[in-house]
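Chemist: build me a model from this:
(one chain, ligands or ions: 1)
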Amino acid sequence: MTTLSLPVLDEQATISQRSAILGTYKRAPLEIVGGRDVELLGADGRSYLDFASGIGVNALGYGDAGIREAIAAAADTGVLHTSNLYATGAGETLAQRLVDRSFASSVFFCNSGAEANEGAFKFARRWARTIGGSRKHEIVALRGGFHGRLFASLAATDRPSYRAPFRPLAPGISISERDLDDLARMLDSDTVAAVIAEPVQGEGGVRVLDPAFLQGLRRLTSEREIALIFDEVQCGLGRTGTLFAYEQSGVVPDMLTLAKPLAGGLPMGAVLLSPEIAKTIQPGDHATTFGGGPFVASVALHVFDRLSDEALLENVADNGLFIEGMLTELAASTPRVRAVRGVGYIWGIDVVEPAAGVVARALDAGLLILSAGDYTLRLLPPLVADRDDLARGLAILEGVVA
Ligand SMILES: Cc1ncc(COP(=O)(O)O)c(C=O)c1O
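Modeler: Numbering: from 1, shown residues only. Reported below is the predicted structural model:
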């Protein structure tokens, strides 16, 4: 493994102070130089057990042999990019596999989660205008939701501190309480095009939405000819123990957005569309130069095959119960943990002190974890973490929380 070296402007300066990268992130005092399986290697020579997965991206951990082969094979073709003016085998096959495993008839590829959601908003408006005219364009999102940081996805994101400095946000997007009565009042069939929801809210504190609520939301949206978009950018592709999180609620959306783990660490997003919506989309309605190119699609094909494997999914579901047991015991053993929530390999832990302090102590103890709000820790282990890895990480966590 080669060691990266950052330009040192001042020996006393922290990594973020001496970086030329714009300071939009408060970086941890850790420079990563390599990784294997579920561990990362720091420039300090220490190994770190990773329960963050690059914020839900590295589902197959580090150094996966299939990803390395897919990268080498894609490089051998000599064509990393073609534009979307021409078809490629990898993109076509990946889209077909996503369609075969879901409710969708068509897929739009892009490069990130926010871009997938912005694409879904456009497709919803295009469809709604076709069936209901130009007044039918409003998008409704839910309290506690996170959908990205671009102007429309930010308008759908319920985080006042992320929104306030950038007003005015995109118009025609509002936030409802997670309450069917409130939604019933807001969802006017003449003006609302779509509702967007994460079946498991991630950044907003790890909240598994009640299947009964999602079923009620489906009923309301279907009755009023409003598109239901599920944002599975964080909770999709195996993280909850089923390929798609929506499978556990018995609710089928009209569109689904994916990103994070889709291409194993390369940037890729996708919008899955029902036939009713797909048939209203015309050439020129939306575009992306890079989306779904042959290089990322080749890697994503391997990742998708692995993540849709029933044995892997069963393992995530079973081990999710193990995590639940361990975290429930932790919550019972210390008043410093207020509540635990989650499913599969996505867990939130409410603590009595600022989460940032616990995240920093975990790093010192060799465990990478995340926060999800000021007082909530978030665990997103790679989906290949086995029971020993999970037990080891949870033991470190217990030591730094309690
Ligand atoms: C549910 C959800 N939607 C959208 C996004 C935005 O994705 P990206 O950062 O790739 O734009 C995220 C990112 O954390 C997310 O968790």
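Chemist: ok, now which ones touch whichever residue of the stretch 101-250 of the chain sits closest to the ligand?
Modeler: Nearest to the ligand in the stretch 101-250 of the chain, going by C-beta to the nearest ligand atom, is Gly113, at a distance of 2.3 Å. C-beta coordinates here come from the backbone N, C-alpha and C atoms, glycine included. Shown in contact with Gly113 (C-beta atoms under 8 Å, 6 or more residues apart in numbering): 147-148, 153, 231, 233-234, 257, 259-260, 269.
Chemist: and the helices in the stretch 251-400 of the chain?
Modeler: Under the criterion DSSP state H, counting those that start in this stretch, the stretch 251-400 of the chain contains helices at 275-278, 294-307, 310-333, 355-364, 387-401.
Chemist: if we can go back for a sec, neighbour-wise, which of the contacts of Gly113 leads?
Modeler: Neighbour counts for the contacts of Gly113, by other C-beta atoms under 10 Å, peak at Asp231, which reaches 33 neighbours.
Chemist: can you give me the pLDDT of the closest residue to the ligand within the stretch 251-400 of the chain?
Modeler: Residue of the stretch 251-400 of the chain nearest the ligand, by C-beta to the nearest ligand atom: Ala259 (4.7 Å). pLDDT, Ala259: 99.
Chemist: likewise for Pro7?
Modeler: pLDDT, Pro7: 43.
Chemist: quick one: secondary structure of Gly241?
Modeler: Classification of Gly241 using DSSP: H, G, I helix; E, B strand; the rest coil returns coil.
Chemist: tally of neighbours for it?
Modeler: The tally of other residues near Gly241 (other C-beta under 10 Å) stands at 23.
Chemist: from Val206, how far off is the spatially most central residue of the chain?
Modeler: When C-alpha atoms, centre = their mean is applied to the chain, the residue found nearest the centroid is Gln234 (1.9 Å). For Gln234, the distance to Val206 (C-beta to C-beta, to the nearest Å) stands at 9 Å.
Chemist: wait, what's in contact with the residue of the stretch 251-400 of the chain closest to the ligand?
Modeler: 112-113, 115-116, 233, 268-270.
Chemist: nearest to Ser333, of those?
Modeler: Of all the contacts of Ala259, Ser333 sits closest to Val233, with 33.7 Å by C-beta to C-beta.
Chemist: need the helices of the stretch 251-400 of the chain in TSV (columns: mean pLDDT, distance to Arg341 and mean neighbour count).
Modeler: Converted to TSV, the helices of the stretch 251-400 of the chain look like this (pLDDT from 0 to 100; distance: least, C-beta to C-beta, whole Å; neighbours: other C-beta atoms under 10 Å):
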stretch	mean pLDDT	distance to Arg341	mean neighbour count
helix 275-278	98	32	18
helix 294-307	98	23	23
helix 310-333	98	9	16
helix 355-364	98	14	17
helix 387-401	98	15	17
